[in-house]
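**Q** Predicted model, plus sequence, below.
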Number of protein chains: 2
Amino acid sequence: MSREAVQIGEAAKVSGVKVPTIRYYEQIGLLPALSRTEGNRRTYDAADVQRLVFIRHARELGFEIDAIRALLSLQDKPNQSCAEADAIARARLAEVDQRLTSLSALKAELKHMIEGCAHGKIAQCRVIEVLADHGECRHHFA
Amino acid sequence: MSREAVQIGEAAKVSGVKVPTIRYYEQIGLLPALSRTEGNRRTYDAADVQRLVFIRHARELGFEIDAIRALLSLQDKPNQSCAEADAIARARLAEVDQRLTSLSALKAELKHMIEGCAHGKIAQCRVIEVLADHGECRHHFA
DNA sequence: CTACATCCTCTAGTCACTAGAGGAGCAAAC
DNA sequence: GTTTGCTCCTCTAGTGACTAGAGGATGTAG
């Protein structure tokens, strides 16, 4: 119905992506060429804003721009076979799994640190010790 | 006993921090001024290597350089109160918790996508949808 | 019609590295 | 004793993903 097209400031407010970042995303080709007003201002319709929200979420979750680009390319051609999507999804899943493992370990360590700190001096804290000595950690993070 | 002083390559191998990164850390003052050999080569004793391991772990776990600098400064004056270290740890814990929540949700959706993809088209996958619409997510991440 | 917000482009800065050029030190092989 | 080859040195520049600022155009409200 309504051709609700907003300008960049409103798009930023709604999507949660900052104005210069939106322009940056356009520059690197993460957003398609946008329509402009007479006065050369970018306009964003609902789909564009949706795309921005998607990008923000993915970035917050630690996806790199190239991974997001891949996912977006899938979104743009939704009738293809799933082989490609499957490959991308599996790769991301592996990445996510590894991140989860590392973060769980970190969480345990941080809790431990805070508990240790509750009653003492740094000399008794294990923050540094834990991070310096932590034997079973994984070297390759992401 | 042994004044085991190694050169940068060995220090890198043992600590898991790359050679140029070690030099970079020295440059930004994360490592103290190092002793050099006659031929101007950096030498690292056990404590230096320990410090590098500590830094690597902290970086892998998502600590920023400034946070690490703070922790190291605490390490260097270990008789002070823990308040500062505690604050740093608590801040990280909150962030890590949030990240864990988001990643768990994403993992579920990626699994769902892979399952869904086994028999269908991308149109039936929910990853993109989920990332675009995810309502209960938090905007302010770090 | 003048203020003022919002937009435009462009360049440069940030963080935490990473890569490369060009050269010196040092150990062993010929 | 010199040549091969490895590790090291400094220095500059490049990366990813933004972020900040200059300087100017547009669009709206009083």
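**A** It's in.

**Q** use CA for all of it now, contacts and neighbours both
**A** Noted.

**Q** Now for the residue positioned nearest the centre of chain A, which secondary structure element holds it?
**A** In chain A, the centroid-proximal residue (Cα atoms, centre = their mean) is residue A:59; its distance is 1.4 Å. According to DSSP states H and E, residue A:59 maps onto helix A:46-60.

**Q** just checking, what packs against that helix?
**A** helix A:8-15, helix A:65-76, helix B:127-133 (3 or more Cα pairs under 8 Å, 6 or more residues apart in numbering or on different chains; DSSP states H and E).

**Q** Kindly present those helices as a markdown table, with separate columns for distance to residue A:91.
**A** A markdown table is the format used below for the helices and strands packed on helix A:46-60 (distance: least, Cα to Cα, whole Å):
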| stretch | distance to residue A:91 |
| --- | --- |
| helix A:8-15 | 27 |
| helix A:65-76 | 10 |
| helix B:127-133 | 13 |
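
**Q** Quick one, which of those helices gets closest to DNA strand D.
**A** helix A:65-76 (4.3 Å; Cα to the nearest atom of the strand).

**Q** does any bit of the helix or strand that that closest one is followed by sit next to chain B?
**A** Following helix A:65-76 in sequence order, the next helix or strand is helix A:83-117 (DSSP H and E). Yes - residues of helix A:83-117 are located near chain B by Cα under 8 Å from any Cα of the partner chain, namely A:83, A:85-86, A:89-90, A:92-93, A:96-97, A:100, A:102-104, A:106-107, A:110-111, A:113-114, A:117.

**Q** What average pLDDT does helix A:83-117 get?
**A** The average pLDDT within helix A:83-117 is 75.

**Q** ok, and for that helix, which residues are buried?
**A** A:85-86, A:88-90, A:92-93, A:95-96, A:98-100, A:102-103, A:106-107, A:109-110, A:112-114, A:116-117 (16 or more other Cα atoms under 10 Å in any protein chain shown).

**Q** So which of those reach DNA strand D?
**A** The subset of those within reach of DNA strand D, by Cα under 7 Å from any atom of the strand, is empty.

**Q** Next up, the contacts around residue A:97.
**A** Contacts for residue A:97 (Cα atoms under 8 Å, 6 or more residues apart in numbering or on different chains) come out as residue B:107.
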